[in-house]
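Peer 1: Model the structure of this input:
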Amino acid sequence: MKKNIIAMNASIMIGLGSILAAPSVHAESISDLQKQKQSIQEKRSGVESNISDTEKKIDNLQDKQMTAEEQIEAIEAKIAESSKKIDAKNAEITETKKEIEALKEEIKVLKERIAKRNEVLKERALSFQETGGDVNYLEVLFGSSSFGDLVDRVGAVATIAEADRDILKQHELDKKDLEEKQNAVETKLASLQVAKAELLEIQMQQKQQKQEKDALVKKLRQQTKEHEDVKMGLEEEKENLAAQEKAIKSAINLEHQRLAELEAARKKAAAEAQKRAEQEAAQAAAQAASRASESKKQSTSSESSAKSNSSSPSPSLSSSNVSEVPAVSSGTFTRPSAGYVSSRMGERWNKQHAGIDIAASGTVPVVAAADGVVSRSYLSSTYGNVIFVTHSIGGQQWTTVYAHLRSRQVSEGSVVAKGEQIGIMGSTGHSTGQHLHFELHKGPWNYSKSNAVNPLNYINI
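Peer 2: Just a heads-up that it's a prediction; the model follows:
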């Protein structure tokens, strides 16, 4: 009888030992989460460094742009000044051309005067030819009516000869004056034309410089925009990493909480088991003592009663299915929504499509592909209404993305279960037609989406 009691106690203690031997913490799970947290912190540090470098590049580009714009203003001032000078030269050229036109009129008058003088000279020459080239002074002498008339006649002859000489001399002077005026005006016009040509050449060079500076400013603005886009992407990646870090912290806290609850339950179970063991040991001792004085039948009845009293019913679990959401599959990930795959992962429209599109009409629920923590839930300019969920499965971090939603039903930090509804399919952001853009990343999400994997390799859709 004593041996039976010892054996029973040993059996009870073995069962209690199995309870006490249950792991009190999942050290590996928490360690994995801590490693993921550290990895994200390192990536955040790298992203912040890239943002700082990009900001410096943007500042440098903006400085160059400002310098180029100041140079453009200076060139434009020079172009305006050269335009004024060209206008002044054009005015001078116009005046000079007017002078030329006036000179042409003078030349015309002068030519007419010269033509008339030529006629007079021709007449003189003809008369001279007819008289043989000599003046008949006897005819002048005997043709005179008196001595005074003679003197007058001789003076007239001399005056005529002197007039001829004056005509010839004036002819030469007018001709020389005409040539000098023509040369002066032509020289002035040529000089003005040369000066204008030089100014036009300078202005052309200035306009060429302005075009080059305009092209440089345009290039700098484009580069600035590209770097600002990169910065915006990096900042979004930084926010996502911060949200993922927050989600992992939440997961670590939840794991600690779960382990604390598990430890409390373990201690409670151990205490209950200990109490039950003591009760059963006491009951067994009483039964053994009773068997010594009672009949075998009574002893058997007592043992049956003890066995009957030691049994307890097990609780039953109930589950409910929600018909509005897709059925949860048995794999690691379940399909995130009903519908058909309208676009697969890969190159599309000369860009990399980092996920798959699932299309359906009507009000279509979207569910979490696996247990996890919502790291981001916001309205993106490209994704539209989008939800990021961070998962820790077998020590590996995963991130799922649900984009273009009509509405979001979870917020950042929410703990979601596999198959739990998180939103409604829609067409917000850069989207054409209602569909769910679904991404699966092996690790954290990043702007280049280098961690993206094909969801169809993990989910049966």
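
Peer 1: three-state assignment of K449?
Peer 2: coil (DSSP: H, G, I helix; E, B strand; the rest coil).

Peer 1: Just give the number of residues close to it.
Peer 2: 15 (other CB atoms under 10 Å). To be clear about C-beta, it is placed using only N, CA and C from the backbone, and glycine gets the same treatment.

Peer 1: Just the element for the nearest residue to I75 once chain neighbours are set aside, please.
Peer 2: The shortest distance from I75 to any non-neighbouring residue, by CB to CB, 6 or more residues apart in numbering, is to K210 (4.8 Å). Assigned by DSSP states H and E, K210 belongs to helix 147-293.

Peer 1: And the residue nearest to I75, what's its pLDDT?
Peer 2: Looking at K210, its pLDDT reads 85.

Peer 1: dump the residue contacts of it.
Peer 2: 72, 75-76, 79 (CB atoms under 8 Å, 6 or more residues apart in numbering).

Peer 1: would TSV of those with secondary structure be doable?
Peer 2: Shown next, in TSV, are the contacts of K210 (three-state DSSP):
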residue	secondary structure
I72	helix
I75	helix
E76	helix
I79	helix
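
Peer 1: of all these, which comes closest to K246?
Peer 2: I72 (47.9 Å; CB to CB).

Peer 1: who's in contact with the one helix or strand R376 maps to?
Peer 2: Taking DSSP H and E as the criterion, R376 maps to strand 372-380. If you take CB under 8 Å, 6+ apart as the criterion, strand 372-380 is touched by 236, 239-240, 243-244, 246-248, 250-251, 254, 385-392, 398-400, 403, 408, 410-416, 422, 428-429.

Peer 1: Just the buried ones from those residues?
Peer 2: 236, 240, 243-244, 246-248, 250-251, 385-392, 398-400, 403, 408, 410, 412, 414-416, 422, 428-429 (16 or more other CB atoms under 10 Å).

Peer 1: Strands - which of those residues land there?
Peer 2: Judged by DSSP state E, the buried ones among the contacts of strand 372-380 include 385-392, 398-400, 403, 408, 415-416, 422 as members of strands.

Peer 1: Pull the most distant pair out of these.
Peer 2: Taking CB to CB, no two of those sit farther apart than N385 and S392, at 24.9 Å.

Peer 1: The helix holding K210 vs strand 384-393, what angle?
Peer 2: 40 degrees (axes from the mean of the first three to the mean of the last three CA atoms, to 10 degrees).

Peer 1: could you give the angle of helix 147-293 to strand 372-380?
Peer 2: Using the same axes, to 10 degrees: helix 147-293 against strand 372-380 is 160 degrees.

Peer 1: How far away from the center of its chain is helix 147-293?
Peer 2: With CA atoms, centre = their mean, to the nearest Å as the basis, helix 147-293 stands 13 Å off its chain's centre.

Peer 1: quick thing: my sequence starts at 22, can you match it?
Peer 2: All set: I'll call the first residue 22, so the last point we hit is now helix 168-314.

Peer 1: Does the helix or strand containing K118 pack against any helices or strands, and if so which?
Peer 2: Take DSSP H and E as the rule and K118 turns out to sit in helix 48-151. Under the contact criterion of 3 or more CB pairs under 8 Å, 6 or more residues apart in numbering; DSSP states H and E, helix 48-151 touches helix 168-314, strand 405-414, strand 417-429.

Peer 1: Neighbouring strands of the second one in the sheet, and parallel or not?
Peer 2: With DSSP bridges as the test, strand 405-414 is paired with strand 393-401 (antiparallel), strand 417-429 (antiparallel).

Peer 1: Of these, which is nearest G383?
Peer 2: Here strand 417-429 is closest among the strands paired with strand 405-414 (CB to CB), at 10.8 Å.

Peer 1: now that closest one: how far from the chain's centre is it?
Peer 2: Chain-centre distance of strand 417-429: 23 Å, with CA atoms, centre = their mean.

Peer 1: Return it as PDB; C-alpha atoms alone will do.
Peer 2: Coordinates of each C-alpha in strand 417-429 appear next as PDB, following Å, rounded to 0.1, in the frame of the first residue of the first chain:
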ATOM      1  CA  GLN A 417      12.000  36.200 -40.900                       C
ATOM      2  CA  GLN A 418      10.500  39.700 -41.300                       C
ATOM      3  CA  TRP A 419       8.000  40.100 -44.100                       C
ATOM      4  CA  THR A 420       6.100  43.200 -45.200                       C
ATOM      5  CA  THR A 421       2.800  43.200 -47.100                       C
ATOM      6  CA  VAL A 422       1.400  46.300 -48.900                       C
ATOM      7  CA  TYR A 423      -2.300  46.900 -49.800                       C
ATOM      8  CA  ALA A 424      -2.700  49.900 -52.100                       C
ATOM      9  CA  HIS A 425      -5.400  51.900 -53.900                       C
ATOM     10  CA  LEU A 426      -8.000  51.100 -51.200                       C
ATOM     11  CA  ARG A 427     -11.400  52.800 -51.100                       C
ATOM     12  CA  SER A 428     -11.100  52.900 -47.300                       C
ATOM     13  CA  ARG A 429      -8.900  51.800 -44.500                       C
END
